[in-house]
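Asks: Give the three-dimensional model of this entry:
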Amino acid sequence: MIISRARRYIFVHIPKTGGTALSLALEARAAKDDILIGDTPKARRRAGRWKGVKAAGRLWKHSTLADLPGLLTEDEIAALQPVAMVRNPWDRAVSYYHWLREQSFAHPAVGLAKTHDFSTFLNHGQTRTALRLWPYGAYLRRRDGAEQQAIFIRLEHFAEDAAPFEAHLGFRLSLPHANASPRARDWRPHYSDADAALIADLCAEDIARFGYGFEDAAGLAPS
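Replies: Residues are numbered from 1 along each chain as shown. Model prediction:
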């Protein structure tokens, strides 16, 4: 997450959407008073600006707008422009699974991914619940439950979707390669028909809202 009073935006980092690359691009042009919350080198150096603050929720790189009161006032949140990256849900689920399998920290999702194949992981109640309860818009909800109007940038259409945010910033953005995965870019072989239909059901809100489809892999969207 990045909070920039100077440039009047909040970057909400939704997990596994390419957000690390955008974080790095924004941090390269960070204003001196920007609050950077995450695990990048610059964010670690600036952690003293928010460590110890009693906020409404957890302060970490994937914080939501609802987590921020206490670090920011409700009026400050409402006055800043939120921006977030989103990603094809079928691609994101595969990316999430493979990322979890490479981790070593203690978390139920890590254990689940390391001990099960993709289909079993996807159909597990824990995974299904997480996907259903956390559509992309949920990260942009304030404490009152209302979703704040945000600029959403589809990873697969970055140049097109980033234009309004670039106009807001006053400069162009170029995404560096970050957290690149060695897996094949076509996610379709990971899915049975039933599993593809499951994502279509669990992520129906995001699929409809952002125009995603299972066959988008035919165009080989960025990994």
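Asks: and the top strand by length along the chain, which strands flank it?
Replies: In the chain, with assignment by DSSP state E, the single longest strand is strand 81-86. Here strand 81-86 has these sheet partners by DSSP bridges: strand 9-12 (parallel), strand 151-154 (parallel).
Asks: following the last one, which helix or strand comes up?
Replies: Okay, so that is strand 151-154. Tracing the chain past strand 151-154, the next element assigned as helix or strand by DSSP states H and E is helix 158-161.
Asks: Can you list the helices and strands that that following helix packs against?
Replies: Packing partners of helix 158-161 (3 or more Cβ pairs under 8 Å, 6 or more residues apart in numbering; DSSP states H and E): strand 151-154. C-betas here are computed from N, CA, C, even on glycine.
Asks: same thing but at 10 Å, please
Replies: strand 81-86, strand 151-154 (3 or more Cβ pairs under 10 Å, 6 or more residues apart in numbering; DSSP states H and E).
Asks: would CSV of these with distance to residue 16 be doable?
Replies: Shown next, in CSV, are the helices and strands packed on helix 158-161 (distance: least, Cβ to Cβ, whole Å):
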stretch, distance to residue 16
strand 81-86, 10
strand 151-154, 14
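Asks: closest to residue 170 out of those strands?
Replies: The closest of those to residue 170 is strand 81-86. By Cβ to Cβ, the value is 12.7 Å.
Asks: Can you list the buried residues in the lengthiest helix in the chain?
Replies: Determined from DSSP state H, the single longest helix within the chain is helix 89-101. Within helix 89-101, the residues scored as buried using 16 or more other Cβ atoms under 10 Å are 89-100.
Asks: what's the burial count for residue 199?
Replies: 24 (other Cβ atoms under 10 Å).
Asks: Low-confidence stretches in the chain?
Replies: 177-182, 218-223 (pLDDT under 70).
Asks: In it, what residue spans correspond to helices?
Replies: Under DSSP H, the chain gives helices at 19-27, 41-45, 74-79, 89-101, 108-115, 118-123, 125-133, 158-161, 163-169, 193-202, 204-210.
Asks: neighbouring contacts of the second one?
Replies: Right, the one you point to is helix 41-45. Helix 41-45 has contacts (Cβ atoms under 10 Å, 6 or more residues apart in numbering) with 1-2, 23-24, 26-28, 30, 34-38, 49-50, 61.
Asks: In those, find the pair that's most separated.
Replies: Counting by Cβ to Cβ, the most remote pair of the contacts of helix 41-45 is 28 and 50, 20.2 Å apart.
Asks: Compare neighbour counts for these two and give me the winner.
Replies: Ranked by neighbour count (other Cβ under 10 Å), residue 28 and residue 50 place residue 50 first, with 18 against 11.
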